[in-house]
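Asker: The amino acid sequence is not available; the structure is as follows:
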C-alpha cells in the first residue's frame, strides 16, 4: 500500500480528526461533571421497558474511546504517512465522532428525535466507507498499523453503534407509545436482536475483522443479563445471538481472511 507524507490539506483533516475525537471523549465527562441534563445512562433507562442492556455493558465506551485516541493521535504525528485507508476514512470518522459527541448533548436535553438521527447518522458515516473499502481492509497484513490503529478503532465504534442505534430507536418508540401494535413489544425486541445479528455477520463477512463483531456480541450479552429476570424468552434469544455473532465473527475472520489476503496480493 502506498505511503506518502501528508500534504498541508491532509494534515488539516488529521487535526480535525483529533479535535473531533477529543470532543467526543470530553463532552460526556463534561456533562457528568457539570450535571447539565440527564446522563446517557439515564436517557437509555428512561423507557427501556421493551429492550435494555445491562449498565456494565456501557463500560465498553472506555475501550472504544482509548482506541479512538490512538487512531487520532497517530494521525496528528507528521511522520505518519498518508495511507489509502487514513485518506478514505478520515472525513467519515470526523462526521461520526462529531455525531456521537452531539448525541450526548441531545440525550442530556431529551431531544429524542435528534438522538435517533445522530446515532444512525454516525453509524452510516462509518459503515458505508468501511464496506466500500472492504477489499483494502481485507488485504492488510495482520500486523499492519492501519489494521490496528485505523480499522480496529473505527470498526469497534461502528460495531457498538450497530447495537446502540436500534436500542435508541426502540427506547424512544417505547417512551412515546409509538411501537406498532402489529407485534408485541417482545417480538419487536427479538426482531431487533435478530437484525443486529444478521448485520453483524454480514459486515464481518465483508471486512473479515473481529473488531466489528466483538462489541455487538458484548452488547447482546448485556441484553441477556438485563432481560433474564423480567423476560427470559428475549434474554435467551439475545444470548444465542451473542454466541452466534462471536463464533461467527471468529470463524469469518480467521478461517477466511488468509485466502482473501492471498487473492488480494
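Answerer: Ah, there it is. Everything numeric in this text was worked out from a predicted model, so none of it was measured.
Asker: What distance do you get for residue 86 to residue 204?
Answerer: The gap separating residue 86 from residue 204 is 22 Å, by C-beta to C-beta, to the nearest Å. All C-beta spots, glycine's among them, are computed from the backbone N, C-alpha and C.
Asker: same thing with residue 219?
Answerer: Separation of residue 219 from residue 204 (C-beta to C-beta): 15 Å.
Asker: again with residue 35
Answerer: Taking C-beta to C-beta as the measure, residue 35 falls 40 Å from residue 204.
Asker: cool, residue 176 as well?
Answerer: Residue 176 is 33 Å from residue 204, by C-beta to C-beta.
Asker: before we move on, what about residue 82?
Answerer: Using C-beta to C-beta, one gets 28 Å for the distance from residue 82 to residue 204.
Asker: Neighbour count: the two, which is higher?
Answerer: More neighbours sit around residue 204 than around the other of residue 82 and residue 204, counting by other C-beta atoms under 10 Å; the figures are 26 against 18.
Asker: pLDDT on the helix or strand harbouring that one, on average?
Answerer: Per DSSP states H and E: residue 204 is located in helix 185-207. Model confidence over helix 185-207 averages 97 on the pLDDT scale.
Asker: What angle do helix 185-207 and the next helix or strand after that helix make with each other?
Answerer: Remark: after helix 185-207, the chain's next helix or strand is helix 210-227, criterion DSSP H and E. Angle, helix 210-227 to helix 185-207, by axes from the mean of the first three to the mean of the last three C-alpha atoms, to 10 degrees: 170 degrees.
Asker: Next secondary structure element downstream of helix 210-227?
Answerer: Beyond helix 210-227 on the C-terminal side, the first helix or strand identified by DSSP H and E is helix 232-264.
Asker: Report how many residues lie close to residue 94.
Answerer: Counted with other C-beta under 10 Å, the neighbours of residue 94 add up to 20.
Asker: if you skip the residues just before and after it, what's nearest to it?
Answerer: Nearest residue to residue 94, sequence neighbours excluded (C-beta to C-beta, 6 or more residues apart in numbering): residue 20, at 4.8 Å.
Asker: again, but for residue 38
Answerer: Across the structure, with C-beta to C-beta, 6+ apart as the measure, the residue nearest residue 38 apart from its sequence neighbours is residue 108 (5.9 Å).
Asker: Equivalent analysis for residue 16, please.
Answerer: Closest residue to residue 16 apart from its sequence neighbours, by C-beta to C-beta, 6+ apart: residue 94 at 5.4 Å.
Asker: I figured the one you found hits residue 15, correct?
Answerer: No - contact between residue 94 and residue 15 fails when scored by C-beta atoms under 8 Å: they sit 10.3 Å apart.
Asker: Noted, bye for now.
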